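In: What follows is a predicted structure for the sequence shown.
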Amino acid sequence: MGRIPPTRTNTGASSSYQSVGSATLPYWIKLTRSGNVFSMYGSTTGVNWTLLGTSQTISMAPSVYIGLAVSNRTTSSLATATFDSVSLTTP
C-alpha cells in the first residue's frame with residue numbers, strides 16, 4: 001500500500017498523492033462519497049475502518065463512471081493486483 005491513488009481536484013490539474021503507510025494482506029479499502037467530499041478508509045478485518053490520509057473535495061456531477069486500476073508508478077516493470085469482493089452501494 002503506501003499511497004492513496006492520485007487525485008486531481010480539477011480537470012487538467014496536476015495529480016497529487018497522500019502517503020498512508022503500509023498494511024498486511026489481506027487488506028480492505030473503502031471509498032466513500034458525500035456530495036463532493038471523497039474519503040478513503042482501510043481495514044485489516046473488513047469491520048473496523050480507519051480514515052487514510054485526508055478527505056478530498058472534488059467537484060463532480062452526481063453520476064460518474066467508476067473503475068479499478070493498479071500502478072507501481074514506473075514504466076520499467078508491470079504492476080499486478082487482485083481485486084475481489086468488490087461492491088458498490090448507492091444511497
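Out: Nice, I can see it. It should be emphasised that the depicted structure is a prediction, and the values quoted were computed from it without experimental measurement.
In: Tell me, how many residues neighbour residue 87?
Out: As a burial measure, residue 87 scores 5 neighbours (other Cβ atoms under 10 Å). Any C-beta I mention is one placed from the backbone N, CA and C, and that applies to glycine too.
In: Ignore what I typed, I meant residue 79.
Out: Counted by other Cβ under 10 Å, the residues lying close to residue 79 total 10.
In: Could you check the pLDDT of the residue of the chain positioned farthest from its centre?
Out: Centroid-distance maximum for the chain: residue 76 at 23.4 Å, with Cα atoms, centre = their mean. For residue 76, the pLDDT comes out at 90.
In: do the one 3 residues further on as well
Out: Residue 79 carries a pLDDT value of 82.
In: what's the answer for residue 61, then?
Out: At residue 61, the predicted lDDT confidence score is 86.
In: which SSE is it in?
Out: Under the criterion DSSP states H and E, no helix or strand holds residue 61.
In: residues touching residue 35, list them.
Out: By Cβ atoms under 8 Å, 6 or more residues apart in numbering, no residues touch residue 35.
In: so what's the residue farthest from the centre of the chain up against?
Out: By Cβ under 8 Å, 6+ apart, residue 76 has no neighbours at all.
In: and it, helix, strand or coil?
Out: coil (DSSP: H, G, I helix; E, B strand; the rest coil).
In: again, but for residue 40
Out: strand.
In: so what's it closest to, chain neighbours aside?
Out: With sequence-adjacent residues excluded and distances taken as Cβ to Cβ, 6 or more residues apart in numbering, residue 40 is closest to residue 52, at 4.8 Å.
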